[in-house]
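J.: need a 3D model of the following:
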Amino acid sequence: MTGFRAAMLAVAALTCATTIAAAPTTPSITALRAHLLENKTGRLSADILAAPAPGLWNSIAGPHAASSALVVVEINGQPSGAYSGRAGGLPGYRVRLVAIERGRVRALLDAQQALPVLGEDGKVHVGFLIRPGGCAAIQLTATLIGPQAASAKPRRATVPMACGE
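T.: Numbers count the residues shown, from 1 in each chain. Got it, this is the predicted structure:
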């Protein structure tokens, strides 16, 4: 192999490696789930956002009484990707969850968390605990915050709530 060909192969290999390293997959929110935490058993309910959506009755008594819900935000991205921005990982990303009861101005929850390292399948799940306080439906909005997150669409869902004895 001539010196020129060897040099060209080296340049091509370097270009490919640089292109691959410089183009990480941008994370995106792919799912939103919510589970009631049953007070008496400590069990999590089935996903209350899944179709068909159940009518939720806010009750402090009974075998399935619940006073809080775990909201799970699923994020997809580069397998084993480190999007926290720490330790030389990919640029820093956070997930924000806002939960607002209809008819109220103040949020039940407005919190952010750094993205943990994604699994080998390119997924990670981030949990938020909310405490519904009333009888109105709760609007959930999950948003990615980060360098290229402006193009990412927020994920929205409504937790249907009602009250009674």
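J.: please make it C-alpha for all contacts and neighbour counts, starting now.
T.: Noted.
J.: check whether I29 really touches Y93, as I assumed.
T.: No - applying Cα atoms under 8 Å as the test, I29 and Y93 come out as separate, 11.7 Å apart.
J.: which residues do the two both contact?
T.: Common contacts of I29 and Y93 (Cα atoms under 8 Å, 6 or more residues apart in numbering): L144.
J.: show me where this protein has its helices.
T.: Taking DSSP state H to define them, one finds helices in the chain at 3-21.
J.: strands along that one, start to end?
T.: For the chain, the strands defined by DSSP state E cover 28-38, 56-58, 66-76, 94-101, 109-114, 123-130, 138-145, 155-159, 161-163.
J.: got a markdown table for those strands, with mean pLDDT too?
T.: Listed next are the strands of the chain as a markdown table, based on pLDDT from 0 to 100:
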| stretch | mean pLDDT |
| --- | --- |
| strand 28-38 | 91 |
| strand 56-58 | 61 |
| strand 66-76 | 91 |
| strand 94-101 | 95 |
| strand 109-114 | 95 |
| strand 123-130 | 96 |
| strand 138-145 | 94 |
| strand 155-159 | 92 |
| strand 161-163 | 72 |
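J.: out of those, nearest to S84?
T.: strand 109-114 (5.6 Å; Cα to Cα).
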